[in-house]
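Student: Provided below are the primary sequence and the corresponding predicted coordinates.
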Amino acid sequence: MKLQQADRRIDSKQARIVLLCAALGMVLLFPWKQPLPAAAVSVFVFGFVQILFPHCRPVADRPLCPWNWALLLFGFKLVMLPAAEVVGGVEIGELPHLPSMRSINAALLLESLAYICFAATYNELQARHRADAIARTLRWYVPGWLMVGYFIVGMAGVWLFFGSLDVLVAYFRNPAEYMLGQINEAPARAGPIAVSTFLRPFLGFSLVLLVCRLLDRPYGISKFVWGLSAAALIVLTAVSFSIFSYNRAAFVAPVLALCAAALSRLRTQTWKITGAGVGVLGLLLAMTTIFRSTHGQTDFASSGGEWRTAASELELSSLVQIYGNGPQFLGFLLEETDGSELQWGQGLVAGILSPVPILGKGFRSSSGTALYNELFNRGDSEDQVISFAGELFLNFHVPGVVFGFALLGALLSCLQNTFLRATSALPVYVIQLTAIWLLFLAVGSVSVVSQIAIYFYGPIYLYLCLPQRRRRCSALIAQSKRYFPDGVLAPDQPSLN
């Protein structure tokens with residue numbers, strides 16, 4: 001059995017990353033506004049994992065893939081968040097009180113340990129993976145009738161939720177005002193709204209299928225028209241996924257997965273295109289953040305001055321810490337519970353089952369999220385998200401964090417290997433989307449991931465049940481090579497001919 005071999009030497013780019021982490025770790029040891037010695041440890045850990053585990057270095061030829069996404073998230077968790085807290089101070093957010101510095105440092109050390117276990121498991125499995133396994137290619141066929149069927153089902157879900165075109169237009173004009181108005185109407189329309197929750201994702205996925213079919217079947221159009229069409233369809237797909245309470249993650253995750261599918265068809269300029277895409281996506285996220293923070297008062301009709309004023313009122317350090325679930329939140333949990341009464345898996349099972357309609361109702365009060373929100377003394381409100389590391393600690397203490405993140409590393413290794421096998425756009429999309437939501441556990445709870453798997457993956461589950469999804473399309477690949485000889489297939493993607 002031939003195993004994958006990784007070059008243990010570090011190139012100049014990787015050396016710069018390690019040196020940057022080392023320098024930042026030294027800087028964080030200075031007495032800043034909020035001294036956190038463990039912040040230097042977390043930064044050192046993130047950098048030196050690149051030296052210790054060669055398979056855990058960035059994937060150079062795939063800018064957007066499961067492992068690179070993991071590096072981005074853990075880099076945010078172990079480098080950016082601690083640096084923001086050391087320099088800008090620790091934000092209290094919705095916490096009743098800030099935990100002690102000892103608890104915050106303990107939380108950072110626990111998250112560093114979680115990353116080491118995650119990376120070590122991933123590296124070991126990648127090293128043991130058979131090098132010829134990638135030669136078993138994975139290609140999924142996109143039938144036209146399925147796109148039409150999914151579109152019809154999705155539009156039925158939109159109609160059940162909104163009821164009329166005027167209401168849909170009102171939602172896009174001012175989502176905040178629309179959602180406030182729906183609070184009183186929701187009980188009377190509970191049945192249609194519940195059904196629409198399962199049907200609406202089919203609309204977005206029908207457009208995903210169309211984009212993937214375009215990526216796989218360019219035919220005789222020029223590269224410019226092909227790229228422009230793909231970009232326009234991706235934007236339209238983002239709009240179709242934005243009908244879920246204008247939640248940013250609902251459309252950001254599919255767009256990122258589609259971008260991964262598009263980049264996998266290119267040979268050159270991938271990092272430059274990725275950088276440009278990140279800039280555009282960052283601008284859109286900033287605009288939606290301002291829109292949400294002003295409760296819809298700042299929109300496209302507002303002047304540039306109003307946008308600048310709203311942006312200046314945002315505290316970047318506070319936003320980063322709160323939305324990134326900074327270490328003070330895990331520190332608060334460690335301080336309040338002290339690991340004295342373990343749930344022994346009951347909380348994790350309850351978190352997984354709590355989003356299930358009807359069946360999950362009895363589990364919601366015993367989930368980790370419920371217990372975490374009880375510590376906030378805010379009544380029945382459960383809007384605070386516990387971290388996966390916190391859930392594992394509540395259930396099995398430190399050994400739970402070790403084995404839980406090791407399992408997460410094993411799952412990501414499987415996704416990365418399957419990603420490299422994919423030679424068509426749709427499996428790349430599904431794998432990258434799954435990796436994005438699975439890696440949400442780096443900052444969020446298992447109940448959120450379970451909710452996504454239950455309510456948003458219906459179109460994917462149905463597609464995977466189709467026997468013809470694996471139909472080989474050698475002729476389509478030949479056409480792709482004919483019209484896009486420089487950039488349709490990645491250099492390491494084998495042909496199916």
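Tutor: That came in fine, so what should we check first?

Student: list the buried residues in stretch 79-89.
Tutor: Val79, Met80, Leu81, Pro82, Ala83, Ala84, Glu85, Val86, Gly88 (16 or more other Cβ atoms under 10 Å). In this view, the C-beta of every residue, glycine as well, is placed from N, C-alpha and C.

Student: so Gln384, which state does it fall into?
Tutor: For Gln384, the assignment made with DSSP: H, G, I helix; E, B strand; the rest coil gives coil.

Student: pretty sure it contacts Phe376?
Tutor: Yes - Gln384 lies in contact with Phe376 (Cβ atoms under 8 Å); the separation is 6.0 Å.

Student: hey, what's in contact with both of those two?
Tutor: Taking Cβ atoms under 8 Å, 6 or more residues apart in numbering as the criterion, Gln384 and Phe376 both touch Glu94.

Student: helices of the stretch 51-200 of the chain, residue ranges please.
Tutor: Here the stretch 51-200 of the chain has its helices, by DSSP state H, counting those that start in this stretch, at 66-75, 81-88, 101-128, 144-162, 165-173, 175-185, 190-199.

Student: which stretch in those helices has the least confidence?
Tutor: When the helices of the stretch 51-200 of the chain are compared by mean pLDDT, helix 175-185 comes last with a mean of 63.

Student: all helices of the stretch 251-400 of the chain, in order?
Tutor: Remark: helices assigned in the stretch 251-400 of the chain by DSSP H, counting those that start in this stretch are 270-293, 304-312, 316-323, 327-337, 346-353, 368-374, 388-421.

Student: columns distance to Tyr463 on top of the buried residues of stretch 79-89, output as a markdown table?
Tutor: Formatted as a markdown table, those follow (distance: Cβ to Cβ, whole Å):
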| residue | distance to Tyr463 |
| --- | --- |
| Val79 | 38 |
| Met80 | 36 |
| Leu81 | 37 |
| Pro82 | 41 |
| Ala83 | 42 |
| Ala84 | 41 |
| Glu85 | 43 |
| Val86 | 46 |
| Gly88 | 45 |
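
Student: so for Val252, which of the helices of the stretch 51-200 of the chain sits nearest?
Tutor: When those are compared by Cβ to Cβ, helix 66-75 sits nearest Val252, at 12.2 Å.

Student: what lies in contact with the closest one?
Tutor: So helix 66-75 is contacted by 46, 56, 58-59, 62, 115, 118, 122, 256, 412, 415-416, 419, 431-432, 435-436, 439, 442-443 (Cβ under 8 Å, 6+ apart).

Student: hey, C-alpha coordinates of that helix in PDB?
Tutor: The C-alpha coordinates for helix 66-75 follow below in PDB (Å, rounded to 0.1, in the frame of the first residue of the first chain):
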ATOM      1  CA  PRO A  66     -11.900  21.900   3.500                       C
ATOM      2  CA  TRP A  67      -8.400  22.000   5.100                       C
ATOM      3  CA  ASN A  68      -7.600  25.600   4.100                       C
ATOM      4  CA  TRP A  69     -11.000  26.600   5.500                       C
ATOM      5  CA  ALA A  70     -10.100  24.900   8.800                       C
ATOM      6  CA  LEU A  71      -6.800  26.800   8.900                       C
ATOM      7  CA  LEU A  72      -8.700  30.100   8.400                       C
ATOM      8  CA  LEU A  73     -11.200  29.400  11.200                       C
ATOM      9  CA  PHE A  74      -8.600  28.100  13.700                       C
ATOM     10  CA  GLY A  75      -6.400  31.000  12.800                       C
END
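
Student: and it with helix 101-128, angle?
Tutor: Helix 66-75 and helix 101-128 are oriented at 170 degrees to each other (axes from the mean of the first three to the mean of the last three Cα atoms, to 10 degrees).

Student: run the angle between helix 66-75 and helix 81-88 for me.
Tutor: Using the same axes, to 10 degrees, helix 66-75 lies at 30 degrees relative to helix 81-88.

Student: where does pLDDT dip in the protein?
Tutor: 1-34, 130-135, 174-190, 218-222, 245-248, 266-282, 284-308, 310-317, 378-381, 468-497 (pLDDT under 70).

Student: 50 instead?
Tutor: Applying pLDDT under 50 to the chain flags residues 1-3, 471-497.

Student: count of residues packed around the nearest residue to Val446 once chain neighbours are set aside?
Tutor: Distances taken as Cβ to Cβ, 6 or more residues apart in numbering place Gly351 nearest to Val446, at 4.5 Å, with adjacent residues excluded. If you count neighbours by other Cβ atoms under 10 Å, Gly351 ends up with 29.
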